[in-house]
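Participant: kindly return the folded structure for what I paste below:
(2 chains)
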Amino acid sequence: MNSELDELIQKYFDGEISEQELRSLQESLRSDKASLACFIEIAYLHDRLRGQVQAQAAIQAIVSSPRDLEQEKSINLAPASEEPRTIRFPISRRKLLTGAAIAATALLAFALWKGNNTNALAGVSELQRVIAISSLQAIRAYSIDVEPMSESSPPKRRRVEWDDRKPIKPPLDQARLVIRGKQEFVLMRKTRSGQDFITGCDGQSSWAISPDGPVRVSDDLARFNRDVPGHEFSMPLCNLSDALLQLQAVSDIALLPIEYADEDQEILEPRRLLVATKKRGQRGPRRVEITYFAESGVIEHIRFVDMPYGPERITVLLSAMQPPTVPEDFFHHCNHHAPDREIERE
Amino acid sequence: MDNRIREAAKQWTRVQPVISAYVGAAVRDFAARDDLLQEIAVAVLESFDRYDPAKPFQSWAIGIARNQVHNYYRRVGRDRLTFDEEILVHLAEAFDDAGAETLHRLQFLSGCMERLDDRSRNILQWRYRDDLKPAAIAEKINSSANAVAKTLQRLRDRLRDCIRTRSAQEGML
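Facilitator: Numbering: from 1, shown residues only, chains lettered A, B, ... in the order given. Okay, the predicted model is just below:
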């Protein structure tokens, strides 16, 4: 590669080129295909670097917020056979955003604020971007909070048909969900008596660890995701990417303007809200609200309104947490119970 | 949502990296590039009914982008350090004709960036997150604009070499 040409191109992109140098560069681009190819290569890199660096900055912002430190202390991801220990959560940079173009799509969608059709297109485009970015993250972790149903909700909406012979599901409130890829997950809940109840899947088998009794393991990967919110709509949150994709099919998507400050006018990193409202006749949560960082597309919160969970209908808030560092076999059940625990294969 | 909008969104998402790189090459200022991309997206959506599906969507969208860049320069005035009209047309054709390999190889960028030291990352952040030019970065680190410009060039060259190496390992070259 011609290093002089290379230098000219890079000076152009850094705004350091002189008039004479620009004329020389233009002449090369006009007459030489190899120069053109070199220019395009650097142009793509330059464009992509912007998105990449901005995405990293956004993730860094999540990592370094005070809330993340609290969450870090409250999670115990150690195997049951060891003393509980605090796990360090270095940022996983392995699978960050790989295209400035993806980051730019948000800005493009923001501009499409012209009437219902334009906004719908912007919403779909943004949702696709958020999904793409979510799927790039190797490991994702969420805290789950259940919001009380509004007293104004009709009583019949608060309960669904439920077979009383089925076991009561442990509460989802204060649960933790760790996800890798599309199939691996660990959902950590507490029973009403405060004991651990953990379900998960490692891509080979799914499993459930209740406070008592054997560890149940099944080759049916979906066997124990029935406790994961969204299962009833075939969009279990352990496969968040597919769940969000399905939202597009069953919901009207609206994109709200970027917010630069909170209610107290404290300046925040710009955030945006996507709202998916279920279409009449479709199955799914009544409403899903996705709050994400406007520039990077990284999700901050997802709120599922009116999701069935056992006999109840609940509103669930998933809040993104700092991706934990976990052992490779974290999603295998052995990581979560004493080695002498009885295993029962279903 | 009708299928037309869905189709437009799908097509746009696919070609947007190419359009973004082209516009970024024509209009170096990041903020201006972002604004222009918005306008191009609007133009693409509003004229999607006139798009002939028998022809490549990317070519059609780049044509719109080229026109929007032209309009942009008519609005702001062309300064002496921007490409002339002929080159912009030439670049648009070249971006459209360029194979997808260059774009696909960029998937290795994040891995290559992990190997940079902190100082290098800081310089990239100042350039690409904060949109500082070499002179402004030089002030921050008590260096010269020329030295910073050289450092940025070396960083990009390292990243390009790394991307090429990893692409070759993956059999992409």
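Participant: let's see the helix or strand hosting residue B:88 as CSV, backbone CA atoms only.
Facilitator: Take DSSP states H and E as the rule and residue B:88 turns out to sit in helix B:85-97. Backbone C-alpha positions of helix B:85-97 (Å, rounded to 0.1, in the frame of the first residue of the first chain) are rendered in CSV as follows:
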residue,chain,number,x,y,z
GLU,B,85,-18.9,17.2,-7.2
GLU,B,86,-17.3,14.9,-9.6
ILE,B,87,-15.3,13.1,-6.9
LEU,B,88,-18.4,12.7,-4.8
VAL,B,89,-20.3,11.0,-7.6
HIS,B,90,-17.2,8.8,-8.2
LEU,B,91,-17.1,7.9,-4.5
ALA,B,92,-20.8,7.1,-4.4
GLU,B,93,-20.3,4.6,-7.3
ALA,B,94,-17.2,3.1,-5.7
PHE,B,95,-19.0,2.6,-2.4
ASP,B,96,-21.9,1.0,-4.2
ASP,B,97,-19.6,-1.3,-6.2
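Participant: do a quick rundown of the helices in the chain.
Facilitator: No chain in the question, so chain A it is. Using DSSP state H, the helices of chain A run over A:3-13, A:19-31, A:33-63, A:66-74, A:100-111, A:115-136, A:155-158, A:240-250.
Participant: I was after chain B.
Facilitator: Using DSSP H, helices in chain B cover B:3-26, B:30-46, B:57-76, B:85-97, B:101-105, B:109-113, B:118-128, B:134-141, B:145-169.
Participant: what about the nearest residue to residue A:278 once chain neighbours are set aside, how many residues nearby?
Facilitator: Spatial nearest neighbour of residue A:278, chain neighbours left out: residue A:284 (4.8 Å); criterion: CB to CB, 6 or more residues apart in numbering or on different chains. C-beta coordinates here come from the backbone N, C-alpha and C atoms, glycine included. Using other CB atoms under 10 Å in any protein chain shown, residue A:284 has 24 neighbouring residues.
Participant: and if you look at residue B:142?
Facilitator: Neighbours of residue B:142 (other CB under 10 Å): 6.
Participant: same question for the one 5 residues further on.
Facilitator: Residue B:147: 13 surrounding residues under other CB under 10 Å.
Participant: surely it is in contact with residue B:135?
Facilitator: No - in this structure, residue B:147 is not within contact of residue B:135 by CB atoms under 8 Å, at 10.8 Å.
Participant: my read: residue A:16 touches residue B:150, true?
Facilitator: No - with contact defined as CB under 8 Å, residue A:16 does not count as touching residue B:150 (10.1 Å).
Participant: give me the more crowded residue out of the two.
Facilitator: Counted by other CB under 10 Å, residue A:16 and residue B:150 do not tie: residue A:16 has more neighbours, with 21 against 14.
Participant: now that one, what are its backbone angles?
Facilitator: As for residue A:16, its main-chain torsions (degrees, to the nearest 10) stand at phi -110, psi 10.
Participant: which non-adjacent residue is nearest it?
Facilitator: residue B:149 (5.2 Å).
Participant: and for residue A:270?
Facilitator: Leaving aside its chain neighbours, residue A:270 sits nearest to residue A:294 (4.1 Å; criterion: CB to CB, 6+ apart).
Participant: share the number of residues neighbouring the one you found, please.
Facilitator: Residue A:294, neighbours per other CB under 10 Å, totals 21.
Participant: just send the helices of chain B back as a markdown table, with distance to residue A:202 and mean pLDDT too.
Facilitator: As requested, the helices of chain B are exported to a markdown table (distance: least, CB to CB, whole Å; pLDDT from 0 to 100):
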| stretch | distance to residue A:202 | mean pLDDT |
| --- | --- | --- |
| helix B:3-26 | 32 | 88 |
| helix B:30-46 | 41 | 89 |
| helix B:57-76 | 41 | 92 |
| helix B:85-97 | 44 | 92 |
| helix B:101-105 | 30 | 85 |
| helix B:109-113 | 25 | 90 |
| helix B:118-128 | 34 | 93 |
| helix B:134-141 | 46 | 92 |
| helix B:145-169 | 28 | 92 |
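Participant: between the two ends of stretch B:125-133, what distance do you get?
Facilitator: 11 Å (CA to CA, to the nearest Å).
Participant: does chain A have contacts with that stretch?
Facilitator: Yes - using CB under 8 Å from any CB of the partner chain, stretch B:125-133 comes into contact with chain A via B:125, B:127, B:128, B:129, B:133.
Participant: distance check, the residue lying closest to residue A:332 once chain neighbours are set aside against residue A:175.
Facilitator: Distances taken as CB to CB, 6+ apart place residue A:202 nearest to residue A:332, at 4.6 Å, with adjacent residues excluded. Applying CB to CB, to the nearest Å, the value for residue A:202 to residue A:175 is 19 Å.
Participant: okay, buried residues for stretch A:247-261 please.
Facilitator: A:247, A:248, A:250, A:251, A:252, A:253, A:255 (16 or more other CB atoms under 10 Å in any protein chain shown).
Participant: with respect to pLDDT, which of those residues ranks lowest?
Facilitator: Within the set of the buried residues of stretch A:247-261, pLDDT is lowest for residue A:248 (72).
Participant: what about the residue nearest to residue A:270, distance to residue A:194?
Facilitator: In terms of CB to CB, residue A:294 sits 39 Å off from residue A:194.
Participant: can you check residue A:24 too?
Facilitator: In terms of CB to CB, residue A:24 sits 74 Å off from residue A:194.
Participant: of these two, which one has the most company?
Facilitator: residue A:24 (15 against 7).
Participant: nearest residue to the spatially most central residue of chain B other than its sequence neighbours?
Facilitator: By CA atoms, centre = their mean, chain B has its centre lying nearest to residue B:21, at 2.1 Å. Nearest residue to residue B:21, sequence neighbours excluded (CB to CB, 6+ apart): residue A:47, at 4.2 Å.
Participant: having no further points to raise, I will conclude here.
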